[in-house]
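1. Provided below for reference: sequence and predicted model.
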Amino acid sequence: MLLAFHKPYGVLSSFRPDGSANRTLAEFGFPPNVYAIGRLDADSEGLLLLTDERELPDKILPPERAHRRTYFVQVEGEPTVEALAELRKGVVVRGERTRPCVAQVIEPRPDIPERIPPIRVRKSIPDTWISITLTEGKNRQVRRMTAAIGHPTLRLMRFSIGEYTLGDLAPGQWKELAKAERELVLMSTGGS
């Protein structure tokens, strides 16, 4: 089985507590024996896939598959055309250049639920929503990329994996993917 879950802020991508105040996947009523394919940090939100099929992560996650993941990122300030171009060609993060990506301002702002708790707002500094599509996934990569261009991340939501999007799943909701949705995930991530 393959499940799509809208992971809320403050939830670990694990069923086990880590000693922090963060909640775990255990409280969302998943079927037995499922586990997360990949991860999202506790302070990130959005699409997380879960499965009970042991071979499925190997079909989706290997770096050579270079599957696309799109993130909606609320950043501090208003990135210039030059800053977005820098993101697109790759920035140096922890001594390594990130792969080229797709990065653009989202206009109009995405219609997504407010985060609980809400982000900090500074009236004197505007914020901007950008979309970043990556084909690699290093620890806290999106946050480090936006910081590298001088626009710290305020809120981060994974919107899609391959061609499969979060759709209308509300934070905390999950669903089992129908056969066509499952095939969309596998085909668009190279895991067919």
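-> Perfect, thanks for sending it.
2. so how far is the host helix or strand of V185 off the chain centroid?
-> Taking DSSP states H and E as the definition, V185 sits inside helix 179-188. Using C-alpha atoms, centre = their mean, to the nearest Å, the mean C-alpha position of helix 179-188 is found 18 Å from that of the whole chain.
3. for Y164, phi and psi?
-> phi -90, psi 120 (degrees, to the nearest 10).
4. is it true that it touches L186?
-> No - at 9.4 Å, Y164 does not count as touching L186 under the criterion of C-beta atoms under 8 Å. (Glycine included, C-beta is placed from N, CA and C.)
5. which stretches of this structure have low pLDDT?
-> Within the chain, the segments meeting pLDDT under 70 span 61-66, 188-192.
6. that one: strands as residue ranges?
-> Here the chain has its strands, by DSSP state E, at 2-7, 35-37, 45-51, 69-76, 92-93, 96-97, 102-105, 127-134, 153-161, 164-165, 174-176.
7. columns distance to S20 on top of these, output as a markdown table?
-> Below are those laid out as a markdown table (distance: least, C-beta to C-beta, whole Å):
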| stretch | distance to S20 |
| --- | --- |
| strand 2-7 | 15 |
| strand 35-37 | 17 |
| strand 45-51 | 17 |
| strand 69-76 | 23 |
| strand 92-93 | 24 |
| strand 96-97 | 28 |
| strand 102-105 | 31 |
| strand 127-134 | 26 |
| strand 153-161 | 18 |
| strand 164-165 | 29 |
| strand 174-176 | 22 |
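8. quick one, which of those is nearest to I60?
-> Closest approach to I60 among the strands of the chain is made by strand 35-37 (5.9 Å; C-beta to C-beta).
9. packing partners for that closest one?
-> For strand 35-37, the packing partners by 3 or more C-beta pairs under 8 Å, 6 or more residues apart in numbering; DSSP states H and E come out as strand 45-51, helix 56-60.
10. from the contact counts, what lies against the longest one?
-> Of the remaining helices and strands, those touching strand 45-51 by 3+ C-beta pairs under 8 Å, 6+ apart are strand 2-7, strand 35-37, strand 153-161.
11. which among these is found nearest to R122?
-> Within those, the stretch nearest R122 is strand 153-161; the backing value is 9.6 Å (C-beta to C-beta).
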